[in-house]
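**Q** For reference, the sequence and a predicted model appear below.
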Amino acid sequence: MDKLIHLILLSGLVCIPGSLAENLVIRGTVTQSSTYSDWIAQHAIDGVRYGPDEYASPFCSATTSQSNQWWRLDLLDTYNISTVIITAHDKYLAHTSGAEIRIGHSLENNGNNNPICAVTPDPLPGNTVTYSCGAMEGRYVNVIMSGRTSYLTLCEVEVYETANVAYKGTATQSSTSSTWTAQHAIDGVRHGPDPDILTYCSATASQSNPWWRLDLQDIHDISTVIITARSDCCADQTNAAEIHIGNSLENNGNNNPICAVTSGLLTGNTISYSCHGMVGQYVNVIMSGQRNNLVLCEVEVYGTVFHKRKSFLRLKFSSSVDVAAERDKILQQSALASHISDFNLSWTQLPEKEEEQMEDGGRFLC
């Protein structure tokens, strides 16, 4: 007979994703290719997604209907932009659908030649849509109806960055070549000046399966890892390395899930790898199955910390198994497993079912 079991999670640390940081638009200035009536560019960064009456007093920006209409935000400084949130007008969704979001440093073609973060869906799935840009670097954020004749209407544009959290961590590696310590890969210097280029990089000795590990000191929701190769030669010492992210130190952290495998790195190159919100405290780079030096001139990690809080949870389920023996499996199969760490478990078993006579002759189970 199945037994009704109460499994109680005691003093568990439940990880809650960190909220977005400051909306960067409050620091910036805006312009657009043209202006419809009094729907000025500034309305798209006024902090109001929906006004009480957009017709009487516009809370959205809007251009006239022409070819390649655009809106541009100047952040007045360079940021690593992770997220752009756009709110459309509920009656004019088509005026925001199919627009390109571009981020970069150039004002060539009014900033519309900068790299693309995303293209808004056509049709839009809702009024407010969030777009992930990894950690695109730039001063200008453009929204453009490229190749189309249309109005461009934006009720609100929000821009957020993620910090390089690698600075807060500590690094170690499987071995060290000369003075090229693990910490050099998180010193904030992608390329040091000649002739001491490599004193700004980390490097292991030539060995089988060389690895480097970053301890972020806390659990993070990681969006992007950026890796820079040495600038004098030997890109093979950085290419074909696996990037692992997770919370386990089993096998020095190299058994955690893989975000990406480095590829395409040429001498002195910097390449960004998207990890799609992988969660972990440890970021490992390992040349699995190879014998080589592992050289990293800089490793940047962008994401937000998970906030922790103590919580007491009670799970109720039917089971015929020995709960004490199966507790780890039970937790792993629970939807809560990916958000719980440092947990203590206890369990109680309710009394066996007993039949009791009721006054009317019926029966009930206790």
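**A** Perfect, thanks for sending it.
**Q** What are the buried residues along stretch 24-31?
**A** Residues 24-25, 28, 30 are the ones in stretch 24-31 that count as buried (16 or more other Cβ atoms under 10 Å). Backbone N, C-alpha and C define where each C-beta goes, glycine included.
**Q** Just the closest of those to Gly303, please.
**A** Within those, proximity to Gly303 (Cβ to Cβ) peaks at Leu24, which comes in at 17.0 Å.
**Q** Pretty sure that closest one sits against Tyr160.
**A** Yes. Counting by Cβ atoms under 8 Å, Leu24 does reach Tyr160; the two are 6.6 Å apart.
**Q** can you list residues touching both of these two?
**A** Residues touching both Leu24 and Tyr160 (Cβ atoms under 8 Å, 6 or more residues apart in numbering): Ile81.
**Q** Make TSV out of the buried residues of stretch 24-31 and add pLDDT.
**A** Below are the buried residues of stretch 24-31 laid out as TSV (pLDDT from 0 to 100):
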residue	pLDDT
Leu24	93
Val25	92
Gly28	94
Val30	98
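**Q** Going by distance to Ile286, which of the residues you listed wins?
**A** Leu24 (34.9 Å).
**Q** which residues does the residue lying closest to the closest one once chain neighbours are set aside contact?
**A** Of all residues not flanking Leu24 in the chain, Val159 sits nearest, at 4.5 Å (Cβ to Cβ, 6 or more residues apart in numbering). Residues counted as contacts of Val159 (Cβ under 8 Å, 6+ apart) are 23-25, 28, 73, 75, 79, 81, 83-85, 141.
**Q** Looking at those residues, state which has the most neighbours.
**A** Among those, Val141 has the most neighbours (other Cβ atoms under 10 Å), with 28 neighbours.
**Q** and that one, what does it touch?
**A** Contacts of Val141 (Cβ under 8 Å, 6+ apart): 72-73, 75, 81, 84, 101-103, 157, 159.
**Q** Going by distance to Ser61, which of these wins?
**A** Val157 (8.5 Å).
**Q** domains in the protein, as residue ranges please.
**A** The chain breaks down into these domains under automatic domain parsing: 3-16+308-352, 24-161, 165-306.
**Q** Once you drop chain neighbours, what's closest to Ser177?
**A** Ser177 sits nearest to Ala203 (Cβ to Cβ, 6+ apart), 4.3 Å away.
**Q** Go ahead and confirm the one you found touches Thr238.
**A** No. Judged on Cβ under 8 Å, Ala203 makes no contact with Thr238 at a distance of 10.1 Å.
**Q** Residues that sit against both of the two, list them.
**A** Applying Cβ under 8 Å, 6+ apart, one finds that Ala203 and Thr238 are jointly contacted by 294-296.
**Q** Out of those residues, name the ones that lie in strands.
**A** Among those, the subset assigned to strands under DSSP state E consists of 295-296.
**Q** Any quick PyMOL command for the buried ones out of the shared contacts of Ala203 and Thr238?
**A** Applying 16+ other Cβ under 10 Å to those leaves a buried subset, and the PyMOL line that selects it is:
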select buried, resi 294+295+296
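**Q** Tell me the one of the shared contacts of Ala203 and Thr238 nearest Ile45?
**A** Leu296 (38.1 Å).
**Q** In contact with the closest residue to the closest one other than its chain neighbours, which residues?
**A** Take Leu296 and drop its neighbours on the chain: the residue closest to it by Cβ to Cβ, 6+ apart is Ala185, 4.1 Å away. Ala185 sits next to 171, 201-202, 212, 214, 296-299 when contact means Cβ under 8 Å, 6+ apart.
**Q** Name the nearest of those relative to Gly289.
**A** Proximity of those to Gly289 (Cβ to Cβ) peaks at Trp212, which lies at 16.1 Å.
**Q** pretty sure the closest one is touching Asn284, no?
**A** Yes. Judged on Cβ under 8 Å, Trp212 makes contact with Asn284 at a distance of 7.0 Å.
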